[in-house]
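Visitor: build the 3D model from these lines:
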Amino acid sequence: MTPDSKNALVVGASRGLGLGLAARLLERGWRVTATGRGAGSDGLRALAGRHGGLTPETVDIDDPAAVAALHDRLAGTPLDLLFVNAGVTHDRWETVADVSTETFQRVMLTNALSPVRFVEAFADLVVPSGTLAVMSSGQGSITNNTRVTGWEIYRASKAALNQLMRSWAARHPDDPRTLLLVAPGWVRTDLGGPDAGLSVEESTAGVADVLEAQAGRGGLQFLDHRGATVPW
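Guide: Got it, this is the predicted structure:
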């Protein structure tokens, strides 16, 4: 870690892609505050033991009071990067014909509404040259949704996330900060499954490259882990 290290807040970093991204940023000299939902994450504790630049925190992004409390705790920390990683799913072959209302609400709340509300709540901590980024998915692309692969409600939630971020950008046309929706690729996580083509390390290394390459450029983009534009 160097004296001019940048500050990142990675939300949803107790495991999988969030934890991997926190690790990649730490390896590149960032100071990272990384959150999990519970009282503690074995992965975050182990990562903190290897990197002095990591500060573990706790927040449930579906709980407005917990989000406000985290904002109060971090109020004196200027952020160069806010990255919100949130994702829950459902039975792969559930469609709108058979998904329960409760499951639909849960997926939409955690995958679409809560991440953008978090951006709203924490945008004031991100410096003018900083980046506001949210983990989206290639499955959120409406253009590419041309064959039956399942995850219908998950797809809809990520498309809603993309639309809400576009609305945020439209409401802040003079904001100089970089806005990113990031598709990590098909990754071997609990969500992606064992047959996915990318490891967490490969995906998050690419995501970190994209975040650093786009820093200071401004505007909203939907990019994958290689920096390629994903069709809306």
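
Visitor: contact partners for the nearest residue to residue 225 once chain neighbours are set aside?
Guide: For residue 225, ignoring the flanking residues on the chain, the nearest one in space by Cβ to Cβ, 6 or more residues apart in numbering is residue 206 at 3.4 Å. (C-beta placed from N, C-alpha, C; glycine too.) Counting by Cβ atoms under 8 Å, 6 or more residues apart in numbering, residue 206 touches 184, 185, 224, 225, 226, 227.

Visitor: cool, and residue 217?
Guide: Applying Cβ under 8 Å, 6+ apart, the residues near residue 217 are residue 178.

Visitor: hang on, it in a helix?
Guide: No: read with DSSP: H, G, I helix; E, B strand; the rest coil, residue 217 is coil and lies in no helix.

Visitor: and the pLDDT at residue 9?
Guide: Residue 9 carries a pLDDT value of 98.

Visitor: repeat for residue 202
Guide: 94.

Visitor: buried residues in the helix or strand containing it?
Guide: Element membership for residue 202 (DSSP states H and E) is helix 200-214. The neighbour-count check on helix 200-214 (16 or more other Cβ atoms under 10 Å) flags 200, 202, 203, 204, 205, 206, 207, 208, 210, 211, 212, 214 as buried.

Visitor: which strands or helices does the helix or strand following it pack on?
Guide: Downstream of helix 200-214, the first helix or strand assigned by DSSP H and E is strand 219-224. Helices and strands touching strand 219-224, by 3 or more Cβ pairs under 8 Å, 6 or more residues apart in numbering; DSSP states H and E, are helix 152-171, strand 178-183, helix 200-214.

Visitor: ok, longest strand in the protein?
Guide: strand 126-135 (DSSP state E).

Visitor: and that one with helix 200-214, angle?
Guide: 140 degrees (axes from the mean of the first three to the mean of the last three Cα atoms, to 10 degrees).

Visitor: strands paired with strand 126-135, and their directions?
Guide: With DSSP bridges as the test, strand 126-135 is paired with strand 79-84 (parallel), strand 178-183 (parallel).

Visitor: give me phi/psi at the residue positioned nearest the centre of the chain?
Guide: The centroid of the chain falls nearest to residue 85 when counting by Cα atoms, centre = their mean (2.5 Å). Backbone dihedrals for residue 85, given as degrees, to the nearest 10, come out at phi -110, psi 110.

Visitor: list the contacts of it.
Guide: Residue 85 neighbours (Cβ under 8 Å, 6+ apart): 10, 11, 12, 13, 17, 18, 21, 134, 135.

Visitor: what would those residues look like in CSV with secondary structure and neighbour count?
Guide: As requested, the contacts of residue 85 are arranged in CSV below (DSSP: H, G, I helix; E, B strand; the rest coil; neighbours: other Cβ atoms under 10 Å):
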residue, secondary structure, neighbour count
10, strand, 29
11, strand, 27
12, coil, 28
13, coil, 29
17, helix, 25
18, helix, 28
21, helix, 30
134, strand, 26
135, strand, 25
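
Visitor: quick check, nearest of these to residue 176?
Guide: Set against residue 176, the nearest of the contacts of residue 85 by Cβ to Cβ is residue 134 (18.1 Å).

Visitor: specify the beta-bridge partners of that closest one.
Guide: In beta-bridge terms (that is, DSSP bridges), residue 134 pairs with residue 84, residue 181.
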